[in-house]
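Trainee: return atomic coordinates for the entry below.
(2 chains)
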Amino acid sequence: MKDKLTALLEKAITTASGRGLLQLEKIPSIEVETTREDAFGDYATNAAMVLASSVRDNPRKIAKAIVDSMDDREGLIEKIDIAGPGFINFFIRDSVWRGLLEEIERLGDRYGETNAGQGKRVQVEFVSANPTGPLHIGHARGAVTGDVIANTLRAAGYAVSREYYINDVGNQMNTLGRSVFLRYRELLGEKIDFPPEYYQGQYISDLAAEILKSHGDKFLTLDEKDVLAFFTPFAANAIMKGIRDDLGTFGVVFDCYFSERDLYRDEGVAKLLQELQEKGFIYKEEETLWFRTTDFGDEKDRVVVRENGEPTYFAADIAYHRNKYIRGFDTIIDIWGADHHGYLPRVYAAIQALGKEKDTLKIVLVQLVSLLRGGKPVAMSTRSGEFVTLREVVDEVGKDAARYNFLMRRSDSQLDFDLEVAKKQSNENPVYYVQYAHARICSIMRTAGERGLNVPAFDKVDLGLLKLPEEILLIKHITRYPEVLEGSAAVLEPHRFTFYLNELAAIFHSYYNKHRVISEEDELSRARLFLMKCIGTVLRNALSILGVSAPEKM
RNA sequence: GGGCGAUUAGCUCAGUGGAUAGAGCACAGGCCUCCGGAGCCUGGUGUCGAGGGUUCAAAUCCCUCAUCGCCCUCCA
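Mentor: The predicted structure follows:
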């Protein structure tokens, strides 16, 4: 609808210009927006005011010239007002709104999808937690954000791949292996002074016990190097398996797990550094190699190879991003914890040094989660191994409530997650409010079926009977869903869906309490049933993007 | 000290160039002979942190300041 109006307007401006009503060199980009109040119609444009300065004329006069040149062949528009400082307000015919329901029926669970992405390949990389322990609540928000962004992009016509980058190289991996080995020795009766910087959780001892059971005490006599060669990958693999399982119960499934170790295979990182060196972005200072990221606006240059000859994490990360491009992705999306924001400029520098456009990489920052229970903060500390795991949260509050609660804020604003509220089945918890709307519609359908009323097809129903303002409002709201999806995909903002769903559920519940869908008048009942079916479709589609179930009964 | 972000109703937050700034929660009162009360209806509050600037128009853009958070590893 918005697109159609924009097209009509552009044409009208051209026409007006041709007829000499407007003097302008070029047509500026005009915007059509949904209005805030009914009195301003359904859509409005600021075109006249935007044109005012270049045309050097009164906005209201310009608006009139535009309106007079509009050619509404399809008969979409009921009335046009020129209001306020020069807004042009469009009132769409009710019959046009009703007609849009046909598309909902026809497309069903695909309603809302667009082809904005035109099949372009997008990779969304998220979670990517080190396999040194189970995922905790902080990872959960990143997991949902990435998952829903991926769902959204897929619905918007992109070919999406979800990826988890496994940081299985570096000090922490060694620390992991050593932690397990220490617990192993402890289990064999040795008195151990367990260092505080080692991984503390119970899962470390469990892994040690597992190794003891399957391999006995044979590692006691081996060199540390040989011990770690077994312990580190054993622990990492076991933990990684747990992470996958936990993500699975949270509804998050990846297409690809990419191991940092693979980047080093065949001298991959070294070759990359060679390439950057040839391009002149690398310089040597004593034994250290530096990447001139300041060429691209970073505040200082960054080390890629340390004094001791080891490449840094950043060096591997450049190789990783290059690898992504080599795999043919048109757009790369990284979902990061907001505490990594200082890392952004150097990664943008890196991809530009590799010859990629800056806007092919999009980095979404996810802010911290404060975990509460009944309004009181829950103490969490990774060091002491006291943290609430993702699995515990899912077990306690359920997948749907957990996911929905993480999506109720912009991802870059801090979020309080209260376990008591999230599991409460009350009006403090919006997920049930939305799901309840869906269950209610299903219930209406069941009742209708029992009374021998079936939902008619679009061409077998007299939608003209839907005359109530509440009904027109509902139709307007559900037919706006494709715009919500497209907008969310364009700016990578999943929270737009929860806000939309809450509004839709609210106007549905209100309607339900005020009017009866099933009445003695069969034709009216059938028309309303059709509307209910369409609302149900939109609720289900939007919830499905969020990875939240749409129950038929609760 | 430098960088980034935040500051909007009692609380938690939407809104990033448009018209009289919104939602949920909390609070108070009401609504079931009726398709599910996990629901609905009614009630009100804002120096949009402060000050300046840009323009037809600023919560939104720019500058200064204040407060808070995060980051400033040859860690990942």
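
Trainee: can you list the domain ranges for chain A.
Mentor: A:2-92, A:171-242, A:428-546 (automatic domain parsing).

Trainee: any chance of a markdown table for these, columns mean neighbour count and distance to RNA strand B?
Mentor: All C-beta spots, glycine's among them, are computed from the backbone N, C-alpha and C. Shown next, in a markdown table, are these (neighbours: other Cβ atoms under 10 Å; distance: least, Cβ to the nearest atom of the strand, whole Å):
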| stretch | mean neighbour count | distance to RNA strand B |
| --- | --- | --- |
| domain A:2-92 | 17 | 3 |
| domain A:171-242 | 16 | 5 |
| domain A:428-546 | 18 | 3 |
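
Trainee: need the ones you listed in CSV with mean pLDDT and distance to residue A:118, can you?
Mentor: Listed next are the domains of chain A as CSV, based on pLDDT from 0 to 100; distance: least, Cβ to Cβ, whole Å:
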stretch, mean pLDDT, distance to residue A:118
domain A:2-92, 83, 16
domain A:171-242, 94, 35
domain A:428-546, 95, 12
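
Trainee: can I get those domains in TSV including distance to residue A:269?
Mentor: Formatted as TSV, the domains of chain A follow (distance: least, Cβ to Cβ, whole Å):
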stretch	distance to residue A:269
domain A:2-92	44
domain A:171-242	16
domain A:428-546	29
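
Trainee: now for those, which one comes closest to residue A:123?
Mentor: Between residue A:123 and these, the tightest spacing by Cβ to Cβ is seen for domain A:428-546, at 13.3 Å.

Trainee: start to end distance for that closest one?
Mentor: 19 Å (Cα to Cα, to the nearest Å).

Trainee: out of the domains of chain A, which gets nearest to residue A:296?
Mentor: domain A:428-546 (22.5 Å).

Trainee: just the pLDDT for the spatially most central residue of chain A.
Mentor: Closest residue to the average C-alpha location of chain A: residue A:149 at 2.6 Å, with Cα atoms, centre = their mean. Residue A:149 carries a pLDDT value of 97.

Trainee: how close does it sit to residue A:118?
Mentor: 18 Å (Cβ to Cβ, to the nearest Å).

Trainee: assign residue A:345 to helix, strand or coil.
Mentor: helix (DSSP: H, G, I helix; E, B strand; the rest coil).

Trainee: got the contact list for it?
Mentor: A:293, A:296, A:297, A:298, A:299 (Cβ atoms under 8 Å, 6 or more residues apart in numbering).

Trainee: try 10 Å this time
Mentor: Contacts here follow Cβ atoms under 10 Å, 6 or more residues apart in numbering; on that basis residue A:345 touches A:293, A:294, A:296, A:297, A:298, A:299, A:300, A:302.

Trainee: quick check: residues of the stretch 201-350 of chain A near RNA strand B?
Mentor: By the rule Cβ under 7 Å from any atom of the strand, the part of the stretch 201-350 of chain A lying against RNA strand B is A:260, A:285-286, A:288, A:299, A:302-303, A:306-308, A:310, A:312-314, A:338-343.

Trainee: strands - which of those land there?
Mentor: A:285, A:288, A:302, A:303 (DSSP state E).

Trainee: any idea of the pLDDT on the second one?
Mentor: What the model reports for residue A:288 is a pLDDT of 92.

Trainee: can I assume it is in contact with residue A:311?
Mentor: No. Using Cβ atoms under 10 Å, residue A:288 makes no contact with residue A:311, being 11.2 Å away.

Trainee: neighbour count winner among those two?
Mentor: residue A:311 (21 against 15; other Cβ atoms under 10 Å).

Trainee: that one pairs with what?
Mentor: With DSSP bridges applied, residue A:311 shows beta-bridge pairing to residue A:305.

Trainee: now the strands: where do they sit in the stretch 151-300 of chain A?
Mentor: A:159-166, A:256-259, A:282-285, A:288-291 (DSSP state E, counting those that start in this stretch).

Trainee: packing partners for the helix or strand that residue A:17 is a member of?
Mentor: Element membership for residue A:17 (DSSP states H and E) is helix A:2-18. Counting contacts by 3 or more Cβ pairs under 10 Å, 6 or more residues apart in numbering; DSSP states H and E, helix A:2-18 packs against strand A:32-34, strand A:43-45, helix A:47-55, helix A:59-68, strand A:87-92, helix A:481-491.

Trainee: what packs against the fourth one?
Mentor: With contacts defined as 3+ Cβ pairs under 10 Å, 6+ apart, helix A:59-68 has these neighbours: helix A:2-18, helix A:47-55, strand A:77-83, strand A:87-92.

Trainee: so which of these gets nearest residue A:483?
Mentor: Per Cβ to Cβ, nearest to residue A:483 of the helices and strands packed on helix A:59-68: helix A:2-18, 6.4 Å.

Trainee: tell me how far the closest one lies from the chain's centre.
Mentor: 34 Å (Cα atoms, centre = their mean, to the nearest Å).

Trainee: CA-only coordinates of that helix in CSV, if you can.
Mentor: The C-alpha coordinates for helix A:2-18 follow below in CSV (Å, rounded to 0.1, in the frame of the first residue of the first chain):
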residue,chain,number,x,y,z
LYS,A,2,2.8,2.3,1.0
ASP,A,3,4.6,1.5,-2.2
LYS,A,4,1.6,2.1,-4.3
LEU,A,5,1.0,5.5,-2.8
THR,A,6,4.7,6.4,-3.2
ALA,A,7,4.5,5.5,-6.9
LEU,A,8,1.3,7.6,-7.3
LEU,A,9,2.9,10.5,-5.6
GLU,A,10,6.1,10.4,-7.7
LYS,A,11,4.0,10.3,-10.8
ALA,A,12,1.9,13.2,-9.6
ILE,A,13,4.9,15.3,-8.8
THR,A,14,6.3,14.7,-12.3
THR,A,15,2.9,15.5,-13.8
ALA,A,16,2.6,18.7,-11.8
SER,A,17,6.1,19.7,-12.8
GLY,A,18,5.3,19.0,-16.5
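
Trainee: which residues does the residue nearest to residue A:105 when sequence neighbours are not counted contact?
Mentor: In space, and not counting its chain neighbours, residue A:105 is closest to residue A:458: 4.8 Å by Cβ to Cβ, 6 or more residues apart in numbering. By Cβ under 10 Å, 6+ apart, the contact set of residue A:458 is A:98, A:99, A:101, A:102, A:103, A:104, A:105, A:106, A:530, A:534.

Trainee: now with 8 Å?
Mentor: A:101, A:102, A:105, A:106, A:530.

Trainee: quick one, which of those residues are buried?
Mentor: When the contacts of residue A:458 are checked for burial by 16 or more other Cβ atoms under 10 Å, the buried set is A:101, A:105, A:530.

Trainee: how far away is the second one from residue A:114?
Mentor: Just to be clear, that refers to residue A:105. 18 Å.

Trainee: now residue A:406
Mentor: 25 Å.

Trainee: comparing the two, which residue is more hemmed in?
Mentor: Comparing residue A:406 with residue A:114 by other Cβ under 10 Å, the one with more neighbours is residue A:406, at 27 against 14.

Trainee: look at the closest residue to residue A:239 other than its chain neighbours and tell me its secondary structure.
Mentor: Once flanking residues are discounted, residue A:239 sits nearest to residue A:131: 4.5 Å by Cβ to Cβ, 6+ apart. Using three-state DSSP, the structure places residue A:131 in coil.

Trainee: what's next to stretch A:529-541, contact-wise?
Mentor: A:101, A:104-105, A:108-109, A:111-112, A:434, A:437-438, A:441-442, A:444-445, A:448, A:453-456, A:458, A:461, A:463, A:466, A:471, A:474-475, A:478, A:481, A:501, A:504-505, A:508, A:517-518, A:550.

Trainee: wait, stretch A:354-367
Mentor: Against stretch A:354-367 from outside (Cβ under 8 Å, 6+ apart): A:141-142, A:145-146, A:149, A:318, A:321-322, A:325, A:330-338, A:340-341, A:344, A:347-348, A:351-352, A:411-415, A:492.

Trainee: helices or strands up against whichever helix or strand residue A:511 is part of?
Mentor: Using DSSP H and E, residue A:511 sits in helix A:495-514. When contacts are defined as 3 or more Cβ pairs under 8 Å, 6 or more residues apart in numbering; DSSP states H and E, helix A:495-514 sits against helix A:430-450, helix A:469-479, helix A:481-491, helix A:522-546.
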